[in-house]
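> test case, fold it:
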Amino acid sequence: MSNNSDRINPASRALIAGALVGATASGVEQWRQYQRGEKTLEQATSKVLIDATKAGLVSGAAMTVANATAGRPVLTLLTLLSAGAAGLYLLDSINKRGTDETAE
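Numbering: from 1, shown residues only. Alright, predicted model coming up:
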């Protein structure tokens, strides 16, 4: 039985999916650092939660803007490109932070 009024809007689905993907990617890296003794379990958990939040917010914001620009192909394309650029920036900052921490 399905009730259409109970459906989650696309922005909420994107936020949840982004948070799950961000938590998974960060969790793998943080687990490796924990096993090597570079971080405590509390530090790793905190980092995973922060990264999941960032990824979820970026995904949700991108979907919200994409929904607002629906029917306008140029704006939708620009939204997708900016979301991709934000994702690359986030990954780059994670990688830079990881190399900075290991250099200490």
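
> now the helices for this structure?
Ranges of helices in the chain, per DSSP state H, are 10-35, 41-68, 73-103.

> off-centre distance for the longest one?
In this case it means helix 73-103. Relative to its chain's centre, helix 73-103 lies at 10 Å (Cα atoms, centre = their mean, to the nearest Å).

> list the buried ones in it?
By neighbour count on 16 or more other Cβ atoms under 10 Å, the buried set for helix 73-103 is Thr76, Thr79, Ala83, Ala86, Gly87, Ile94. For the C-beta atoms, the positions are set from N, CA and C on the backbone; glycine is no exception.

> same question, stretch 38-48
Of all the residues in stretch 38-48, those buried under the rule 16+ other Cβ under 10 Å are Lys39, Ala44, Lys47, Val48.

> from Pro73, how far out is the spatially most central residue of the chain?
Central residue of the chain (Cα atoms, centre = their mean): Ala55, 1.5 Å from the mean position. Separation of Ala55 from Pro73 (Cβ to Cβ, to the nearest Å) stands at 26 Å.

> ditto for Thr64
Looking at Thr64 against Pro73, where the rule is Cβ to Cβ, the gap reads 18 Å.

> equivalent analysis for Val58, please.
Here the criterion is Cβ to Cβ. By it, Val58 lies 22 Å from Pro73.

> try Ala23
Counting by Cβ to Cβ, the separation of Ala23 from Pro73 is 32 Å.

> low-confidence bits of the chain, can you list those?
1-6, 94, 97-104 (pLDDT under 70).

> isn't Ser82 up against Ala62?
Yes: with the criterion set as Cβ atoms under 8 Å, Ser82 and Ala62 qualify as a contacting pair; they are 7.5 Å apart.

> which residues touch Val74?
Val74 makes contact with no residue under the criterion Cβ atoms under 8 Å, 6 or more residues apart in numbering.

> leaving out the residues flanking it, which one is nearest to Met63?
In space, Met63 comes closest to Ala14 once its chain neighbours are excluded; the distance is 3.5 Å by Cβ to Cβ, 6 or more residues apart in numbering.

> quick check: the gap between the one you found and Tyr89.
The spacing between Ala14 and Tyr89, counted by Cβ to Cβ, is 18 Å.
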